[in-house]
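1. predicted model and sequence below, questions to follow.
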Amino acid sequence: MTLFSQLTPEVKELIQEYSELINNHLDEWIKNELRIKGGLAGDVCRYLQQKKKELNPRSTVKLTPDRKRIIDAQVRQGYGMKQFKGVVDHLVKKWGDDPNFRQYLTPETIFRKSNFQKYLEEARENIQEFLVTTTNVNEYR
């Protein structure tokens, strides 16, 4: 005989109601977590965090709804992970050794509509300038 079978019908009904309520909230929470952490925006923030940790092991870059919105706006413009990585790599190389500029290695600064295209063009010029022969130049296009 199980413990559940020894409960009164009223208690069983309450347990059932609370279980459904908890499961509904858990499902909603899981959907929100996947929406915030998942997808390309999450990958971009994790890549930026990886690069920042190489400069400062205590550095963190967390994906927030606002950061996801900023990155998703660039995705809607047709940009992909190769472009995001190219810009991050370029700016880490350009700003990483300068404490005054290192503070701007944030999704808000890098992926803002008014900045991202400019940084992408800089990254493309940097690649073309330093690579003599490669087929990977087009990766950042």
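-> All right, it came through fine.
2. what's the local residue count around Pro107?
-> 23 (other Cβ atoms under 10 Å). Heads up, the C-betas are built off the backbone N, CA and C, glycines and all.
3. which strand or helix spans the closest residue to it other than its chain neighbours?
-> Excluding the flanking residues, the one nearest Pro107 by Cβ to Cβ, 6 or more residues apart in numbering is Arg67, at 4.3 Å. Applying DSSP states H and E as the criterion places Arg67 in helix 65-76.
4. average pLDDT for that helix?
-> Regarding helix 65-76, the rounded mean pLDDT is 92.
5. report all helices and strands that that helix contacts.
-> helix 9-37, helix 39-55, helix 107-110, helix 113-130 (3 or more Cβ pairs under 8 Å, 6 or more residues apart in numbering; DSSP states H and E).
6. need the contact list for Arg102.
-> Going by Cβ atoms under 8 Å, 6 or more residues apart in numbering, Arg102 touches Leu55, Asn56, Trp95, Gly96.
7. if we can go back for a sec, was I right to think the residue nearest to Pro107 contacts Leu48?
-> No. The pair Arg67 / Leu48 is not scored as a contact, 9.7 Å apart, by Cβ atoms under 8 Å.
8. shared neighbours of these two, which are they?
-> Counting by Cβ under 8 Å, 6+ apart, the residues touching both Arg67 and Leu48 are Pro107.
9. of the two, which one has the most company?
-> Leu48 (26 against 21).
10. just the pLDDT at the more buried one, thanks.
-> 96.
11. leaving out the residues flanking it, which one is nearest to Phe116?
-> Gln74 (5.5 Å).
12. which ones are touching that neighbour?
-> Phe84, Phe111, Lys113, Phe116.
13. I'd assumed Ile110 was in contact with the last one.
-> Spelled out, it's Phe116. Yes. Applying Cβ under 8 Å as the test, Phe116 and Ile110 come out as touching, 6.8 Å apart.
14. for the protein, give me the ranges with low pLDDT.
-> Low-confidence segments of the chain, defined by pLDDT under 70, are located at 1, 26-27, 29-38, 128-141.
15. center of it, which residue is that?
-> Gly42 (2.6 Å; Cα atoms, centre = their mean).
16. so that one sits against Thr64, correct?
-> No. Assessed by Cβ under 8 Å, Gly42 is found out of contact with Thr64, at 11.1 Å.
17. all set now, cheers.
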